[in-house]
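Asks: can't give you the sequence, but here's the structure:
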């Protein structure tokens, strides 16, 4: 469609500047001090949807951060695509590792450096600009609905309530999400699955106060030592997870699927060099792509206790804490695994300490059938603009709301992500390539066209 | 000596107020931001020594924080007592656990709550007021020298240089230190030994940046998990320390000594209730007093890595850190053990991470012979003011400079501490009982009298 290309070429600088404005809002959903920024960001999203041509654009209050809805209905008899995205971002800590301030976007070497540039402001905004392109060129072929929430990074605690209360409003034929990555722009790919998540926090309490490690050391359980022992016990020498029943519900990938995965482009030396490690580390018997795609994992996300400042302090601390999360694969249940994790840490607590384990948030794993209309439309659209076939891959991340949409709206989800694994999602120096941003805006209208034709 | 008693009774409020002024100075040696406070505190100590009647009071600059020297020479033919103490204090973190601000001393229930109230401002200041008492009542029986340093809590890195360069200045017959505890005021005791110290910091680096735990989790070594496994490996199931050669040089206590220790007052239920723990935890085959007195230990003093803020962040961190210290008993060497600790952590590092282990500070264990003149004088002084015999005990803490004084000055150290184990040294809500403060001031002149008579 030359008209799309022309319109996008003419407006590309404005598209980018609008995104940069969005990135300047520190919409960190996890931190209560950013509550006002969340409202500011929701207002900005609303404004941009209106400008792009959406109707009925509304900010819905929730028990947490607000959600933005908008739609463009051209003909109720045409298929409807529900675009899901999120305007909230991960915390930017540790700040000292950023090369430029996380909320002052910097364009460098053809990349946008900012928290949220890829995850997910940069990606959901492609859909807003794709809508504008189709509206301005009178070429809409589907109805489009937008559901842009502000709590994805904290586990979407209030989305279920909204979806259940607004089934008619959200009624659609497919959910389209750009919140994942491709192998590379040379090797376009489509995620056919995302992992689920169970996230817990463990608090180990030893003595009722911080103690002098000389006076009491050796006579009372040190909560850091105990916590370390607990963590160490979670993986065996083959890096299998030892928590009883952890693998019970795992659907093993078929030999055929593993063969397909092994055929995907992967260079172990490049992978190691990119991460700066001499050796990789993971579950015995599985390749890197399998470890991050089809296998459940258990990672330590944070740990703290005792004196962590400058110099030395001879303290035997009262408490130690850890944040721990598992990634789940079909057919594991987040609720079941969270329960097993909590139960495990409580059950192995020795008598000298007390252990409190609690849930942060979770989400179910999800698989997109490659024979679904949505997947086929995405594959065709990528063929249209990349000139080559997309490779189906299993993504390692989690988009907890997929299972919710499928259950409540009875429709499939398709992931059309334009990020890269090297975009430093959740890390310092998050970036999104300008090429990918524009390629996404270019490709999305083709999705709608292809979907309407199926 | 009624004159001492009368003088002290008349001046007790002033004595206390002077101490409170000292406690208001946040002389935290470990934190560079308090460098100016260290100078202020040294100046205050100098001023107080002058007012108490000391001569030649001088602030000696060191490569770190300054040291204060003063003396009162009544007759070179009389014995000389060198009083050692320190005006620096431990960091006050975690601040939120203090019931009152650490540097705004609060008198409550007969106790002084403030950082340094017991360790060691409150204790070294008893000697300043004992000097004043003897000067004002013309009853000095020994020469007295004061060496009050500002780096004890960071391992006295510059004291050796000072002592070696000033052997003549510091020449004495005994070193007297009040920086330890008694069992209780009902059970006065004298520490006959202190443990040594080796303190290291371990830094584990996995990937070269923080990663998304979904995208990379399961495929790359998580530095927190690795560090936890390393820490867990330091103790076996009997809580013996597993570091190769750790116990090689330990002089085992004799059956006789262990029998004497078992006779000291100890109530396990009270001990557990005080600490708020259901069970104690320590090396199999040893009692609590043995675990903290005659056995070497290894304690985690701090740990941190990844996301430690509010809420959840799905990060696989680049780095994790721990502060770890060992307490040593005769005849272990701090240098040897530090080397073993560092070597251990480096040797067990798997290929997926790099481990940097470095030394914070150390100190040698020390024993005071109970047949030495100094010990006998301390025992007699306690009998004079408490009306009962002191129990010899082995202390769990470390006073790294003891070995230095013995080696360089050729004299013995005697510990006459008036603190309590429950004083929350190095912890929030450090306190020192007014009773103990005054009892110390009362007892110290008797030490000088008894020592002069021997």
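Replies: Looks like it came in fine. Keep in mind the model is a prediction, meaning the values are calculated, not measured.

Asks: do the helix or strand that residue A:342 is a member of and chain B meet?
Replies: In the assignment (DSSP states H and E), residue A:342 maps to helix A:334-347. No: judged by Cβ under 8 Å from any Cβ of the partner chain, helix A:334-347 stays clear of chain B, getting no closer than 12.3 Å. In short, each C-beta sits where N, CA and C put it, glycine included.

Asks: in that helix, which residues are buried?
Replies: A:334, A:336-338, A:340-342, A:344-345 (16 or more other Cβ atoms under 10 Å in any protein chain shown).

Asks: ok, stretch A:186-206 next?
Replies: Going by neighbour count (16+ other Cβ under 10 Å), the buried part of stretch A:186-206 is A:188-206.

Asks: ok, which of those residues also contact chain B?
Replies: With Cβ under 8 Å from any Cβ as the criterion, these include A:195, A:197, A:199, A:201, A:206 near chain B.

Asks: residue contacts, the fourth one?
Replies: Residue A:201 makes contact with A:321-324, A:357-358, A:360, B:312 under the criterion Cβ atoms under 8 Å, 6 or more residues apart in numbering or on different chains.

Asks: longest helix of chain A?
Replies: Longest helix of chain A, by residue count under DSSP state H: helix A:2-23.

Asks: where does residue A:64 land in three-state SS?
Replies: coil (DSSP: H, G, I helix; E, B strand; the rest coil).

Asks: mind checking how far residue A:225 is from chain B?
Replies: As judged by Cβ to the nearest Cβ, to the nearest Å, residue A:225 and chain B stand 5 Å apart.

Asks: nope, residue A:113 is what I was after
Replies: Distance, residue A:113 to chain B, by Cβ to the nearest Cβ: 13 Å.

Asks: which parts of the stretch 351-454 of chain A sit against chain B?
Replies: Selection of the stretch 351-454 of chain A residues close to chain B by Cβ under 8 Å from any Cβ yields A:351-353, A:360-361, A:395-398, A:421, A:424-429.

Asks: do you know how far residue A:323 is from chain B?
Replies: 6 Å.

Asks: tell me the SS of that residue?
Replies: Per three-state DSSP, the local secondary structure of residue A:323 is strand.

Asks: my guess is it contacts residue A:301, does it?
Replies: Yes: applying Cβ atoms under 8 Å as the test, residue A:323 and residue A:301 come out as touching, 4.3 Å apart.

Asks: would you mind grabbing the residues shared as contacts by these two?
Replies: A:199, B:306-307, B:312-313.

Asks: quick one, what contacts the nearest residue to residue A:304 once chain neighbours are set aside?
Replies: Excluding the flanking residues, the one nearest residue A:304 by Cβ to Cβ, 6 or more residues apart in numbering or on different chains is residue B:308, at 4.3 Å. Neighbouring residues of residue B:308 by Cβ under 8 Å, 6+ apart: A:302-304, A:321, A:323.

Asks: which one of the residues you listed has the most neighbours?
Replies: Most neighbours among these, by other Cβ atoms under 10 Å in any protein chain shown: residue A:303, with 30 neighbours.

Asks: and it, what are its bridge partners?
Replies: Note on residue A:303: beta-bridge partners residue A:322, residue B:305, judged by DSSP bridges.

Asks: ok, now which ones touch it?
Replies: Residues near residue A:303 by Cβ under 8 Å, 6+ apart: A:227, A:231, A:320-323, B:224, B:227-228, B:303-306, B:308, B:320.

Asks: looking at those residues, spot the one nearest residue B:412.
Replies: residue B:303 (38.8 Å; Cβ to Cβ).

Asks: name the residues of stretch A:208-227 that are buried.
Replies: For stretch A:208-227, by 16+ other Cβ under 10 Å, it's A:209-227.
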